[in-house]
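sequence first, predicted model second:
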Amino acid sequence: MKISKACFSPRLKIKKGDKVKITTGKDKDRQGTIEKIFLKKGKILVSGINIYKKHARAQKGGQAGGIVDIVVPISSSSVVLICPKCGKPAKVGFKILKDGKVRICKKCQEVI
């Protein structure tokens with residue numbers, strides 16, 4: 001499996017669609033999948049994690065006002081990748097194969 005440069009940062013070692021576990025904050029020990037990565041800010045958007053309430057005004061298009069839930073990005077340092085093979089939180093390493101550079105799980109040494 002080759003790593004595409006469009007959705008991956010070597011600084012973060014995670015990419016869109018990865019399953020992660022939250023290690024700090026109000027959502028500690030919860031799991032979710034990455035929806036979006038903000039490389040310049042070093043933050044990620046995880047589905048169902050870090051939800052806040054926002055008061056919204058009614059719009060001209062007929063949309064009613066009220067209190068809406070929004071998902072706020074969290075720091076990439078407060079998440080750890082869950083290995084799809086062993087199902088445990090693990091550090092990410094790299095291995096160079098004939099096909100190119102791939103990510104590996106440091107616990108089970110399997111390609112992610």
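Sure, I can see it.

verify the stated contact: Lys19 with Pro84.
Yes. Taking contacts as C-beta atoms under 8 Å, Lys19 lies within contact range of Pro84: 7.0 Å. (C-beta placed from N, C-alpha, C; glycine too.)

and those two? Which one has more around it.
Between Lys19 and Pro84, counted using other C-beta atoms under 10 Å, the more crowded position is Lys19 (16 against 12).

who are the neighbours in contact with the more buried one?
Going by C-beta atoms under 8 Å, 6 or more residues apart in numbering, Lys19 touches Gln31, Gly32, Thr33, Leu81, Ile82, Pro84.

so which of these sits lowest on pLDDT?
Least confident of the contacts of Lys19 in the model: Pro84, at 90.

Ser77 belongs to a helix?
Yes. With DSSP: H, G, I helix; E, B strand; the rest coil as the criterion, Ser77 is part of a helix.

can you get me a residue count around it?
Using other C-beta under 10 Å, Ser77 has 11 other residues around it.

span of stretch 90-104 from start to end?
Start-to-end span of stretch 90-104 (C-alpha to C-alpha, to the nearest Å) is 10 Å.

now swap in stretch 83-90 and tell me
Using C-alpha to C-alpha, the end-to-end distance of stretch 83-90 comes out at 6 Å.

which residues sit against that stretch?
Identification of contacts with stretch 83-90 by C-beta under 8 Å, 6+ apart yields Lys19, Lys21, Val80, Leu81, Ile82, Cys105, Lys106, Lys107, Cys108, Glu110, Ile112.

please apply the same query to stretch 67-80.
Contacts for stretch 67-80 (C-beta under 8 Å, 6+ apart): 12, 14, 20-25, 27, 35-38, 41-56, 89-91.

longest strand anywhere in the chain?
strand 31-38 (DSSP state E).

what's that strand packed up against?
Applying 3 or more C-beta pairs under 8 Å, 6 or more residues apart in numbering; DSSP states H and E, one finds that strand 31-38 contacts strand 19-22, strand 43-46.

quick check: Gly17 touching Ile34?
Yes. Taking C-beta under 8 Å as the definition, Gly17 is a contact partner of Ile34 at 6.4 Å.
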